[in-house]
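Asks: Could you look at this predicted model? Sequence included:
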Amino acid sequence: MRIELNGEPAELPEGATVRDAAIAAGAEPLARGVAVALDGEVVPRGRLELTELSEGQRVEVVAAIGGGAT
């Protein structure tokens, strides 16, 4: 199935979950500081593996990066 992953087209197998999409984006979805949104709504960590994707959905994976001004 085709989805949009971080603004780019991506192909995932039928039955793929939000967790699978996050891994395809190169993130560890359960890591601290990682958030995943499906069609603009943040998916709770406990639902990442339970939420199946459908053709054409948008997934955004973001990770907080430490640092700041010195």
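Replies: Done, it's in. Residues are numbered from 1 along each chain as shown.

Asks: mind listing the helices for this protein?
Replies: Here the chain has its helices, by DSSP state H, at 18-24.

Asks: what residue lies at the spatial centre of it?
Replies: residue 22 (3.7 Å; CA atoms, centre = their mean).

Asks: quick one: contacts for that one?
Replies: Counting by CB atoms under 8 Å, 6 or more residues apart in numbering, residue 22 touches 28, 29, 34, 36, 48, 59, 61. Just so you know, the C-beta spots here come from the backbone N, C-alpha and C atoms, and that holds for glycine as well.

Asks: Contacts only, for residue 27.
Replies: With CB under 8 Å, 6+ apart, residue 27 has these contacts: 34, 36, 61, 63.

Asks: ok, what's across the strand from the closest residue to it other than its chain neighbours?
Replies: Nearest non-adjacent residue to residue 27, counting by CB to CB, 6 or more residues apart in numbering: residue 61, 4.9 Å away. Legend: beta-bridge partners of residue 61 under DSSP bridges are residue 36.

Asks: Could you report the neighbour count for residue 61?
Replies: For residue 61, the count of nearby residues is 19 (other CB atoms under 10 Å).

Asks: was I right about it contacting residue 28?
Replies: No: assessed by CB atoms under 8 Å, residue 61 is found out of contact with residue 28, at 10.2 Å.
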